[in-house]
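# Sequence and predicted structure are below.
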Amino acid sequence: MTESVTTTATAGTGTGRPFLELKDLQVHFPTDDGLVKAVNGLSFTLERGKTLGIVGESGSGKSVSSLAIMGLQKGTQAQVSGEIWLDGAELVSMSVPEIRRLRGQQVAMIFQDPLSAMHPFYKIGDQLVEAYLVHNNAPKSVAKKRAIELLDRVGIPSPSKRFDDYPHQFSGGMRQRAMIAMALMCDPQLLIADEPTTALDVTVQAQILDLMMDLQKEFNSAIVIITHDLGVVAQMAQDVVVMYGGRVVESGPVRDIFYRPEMPYTWGLLGSIPRVNRGGDHRLKSIRGTPPSLINLPNGCPFQPRCDYQQYVEGHSCVAEVPELLQIGTGGHRVRCHIESEQRSRLFAEQIKPNL
Ligand SMILES: Nc1ncnc2c1ncn2[C@@H]1O[C@H](COP(=O)(O)OP(=O)(O)OP(=O)(O)O)[C@@H](O)[C@H]1O
Ligand SMILES: [Mg+2]
């Protein structure tokens, strides 16, 4: 089954392809318990200068997908198939040395936990310098100058002094900034940010998101931001992919996902956003039940066991068939659900929206 999300801009590259294009990406892990089907046909496109948000509950395949784009599962047990096109080059079939050259230079990643990307025993500055020298044949002094400039740019005070600090001497927010600086050392054209601010308090979170948007303007980079936080998506992204059980269940421009969502799972996600102004008995609801087993994926809609709206579908489609990801209208909004589109719109307007 082919599914695709198209960003609003279609400037394209010299090859006529979008800057980043995932086509039917699958990532499966053989384990003692069986094959874990973590990603089952993920497709989307992203242009330079644009941001795509990927949202979904824990275990929906967000990080596994981003590691695949970085080529970090190569040489492991993971079975990766499908196509990942970046600026005209296909990454799934690329060799390890080739993808290593790309990583850090053309593509960089910001991880949720900066300590996982930084070595605890090396000075922050030296790690930034190293990130530059791996890809650039330049004197160390040039790399050091750039590292200090970037530390300054991400808001580290007295950067030439802090250059010699070890990761544990930085606060959590500063480490996150330093990791962003490290990711930017080689001006990557694609930045993948996996929960970049989840561990941080809201003030620092807002500063870091602003910083990423400033840097994006400056470098015209494409950003994939992975988050549990729909507020972050609203602020940063133009397009959204909602993942469930390793599949896209709804995708499209931010305004469609927030104002005209049609998938009951997306309704659940929207209903679980904390809001300061939610008064009275408008309580925060979590989605009942648990995500599907990725070893024994359901035959029908992956969300069926948790869906409260199956009575709107005649027959047994919800349990028997995986719904296709179908386009609604012409704006790139796609939904995977057996309920008829008009009925979904009505349900959203009458039952969901008044409670959001
Ligand atoms: N190496 C592996 N071997 C087996 N299963 C794995 C492996 N890596 C990931 N998985 C499984 O793949 C599924 C998707 O994981 P992933 O880390 O992508 O989730 P996620 O959407 O990023 O969740 P979170 O929001 O918690 O970060 C999970 O069920 C996870 O246990
Ligand atoms: Mg994750």
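That came in fine, so what should we check first? Ligands and ions are numbered 1, 2, ... in the order given.

# near ligand 1, anything from the helix or strand bottoming out on mean pLDDT in the chain?
Of all helical and strand segments in the chain, the minimum by mean pLDDT, DSSP states H and E falls on helix 114-117, at a mean of 75. No: figure legend: helix 114-117 not in contact with ligand 1 (Cβ under 6 Å from any ligand atom); closest approach 12.4 Å. Every C-beta, even on glycine, is put in place using the N, C-alpha and C of the backbone.

# close to ligand 2, is that helix?
No: on the criterion Cβ under 5 Å from the ion, helix 114-117 is out of touch with ligand 2, staying 11.6 Å away.

# Would you mind confirming that Ser286 makes contact with Leu269?
No: contact criterion Cβ atoms under 8 Å: Ser286 and Leu269 do not qualify, at 10.0 Å.

# So what would you say the end-to-end distance of stretch 252-264 is?
15 Å (Cα to Cα, to the nearest Å).

# mind listing what the nearest residue to Gly245 once chain neighbours are set aside touches?
What sits nearest to Gly245 in space, not counting adjacent residues and going by Cβ to Cβ, 6 or more residues apart in numbering, is Pro302, at 3.7 Å. When contacts are counted by Cβ atoms under 8 Å, 6 or more residues apart in numbering, Pro302 touches Tyr244, Gly245, Arg247, Val249, Pro292, Val322.

# so what's the second one scoring on pLDDT?
If I follow you right, that is Gly245. The model reports Gly245 with a pLDDT of 91.

# That one: how many residues sit nearby?
25 (other Cβ atoms under 10 Å).

# just checking, it touches Leu297?
Yes: Gly245 is within contact range of Leu297, at 6.4 Å (criterion: Cβ under 8 Å).

# Overlap in contacts, these two.
The contact lists of Gly245 and Leu297 share Asn40, where a contact means Cβ under 8 Å, 6+ apart.

# follow-up on the earlier one: tell me the SS of the residue nearest to Gly245?
Classification of Pro302 by DSSP: H, G, I helix; E, B strand; the rest coil places it in coil.

# Now do it against Gly315, distance only.
18 Å (Cβ to Cβ, to the nearest Å).

# Kindly report the same for Ile225.
Taking Cβ to Cβ, one finds Ile225 at 39 Å from Gly315.

# just for the chain, where's the confidence low?
Within the chain, the stretches with pLDDT under 70 are 1-15, 199, 273-285.

# sorry, back to before: neighbour-wise, which of Ile225 and Gly315 wins?
Using other Cβ under 10 Å as the criterion, Ile225 and Gly315 rank with Ile225 on top: 26 against 9.

# For Trp85, what are phi and psi?
Phi and psi for Trp85, reported as degrees, to the nearest 10, are phi -100, psi 120.

# quick one on the thing from earlier: relative to Ser43, which of the contacts of Pro302 is nearest.
Arg247 (10.2 Å; Cβ to Cβ).

# Next one: that closest one from Ile295, what distance?
Relative to Ile295, and taking Cβ to Cβ, Arg247 is found at 15 Å.

# which one of the two has more residues nearby?
With neighbours defined as other Cβ under 10 Å, Arg247 and Ile295 compare such that Arg247 has more, 26 against 12.
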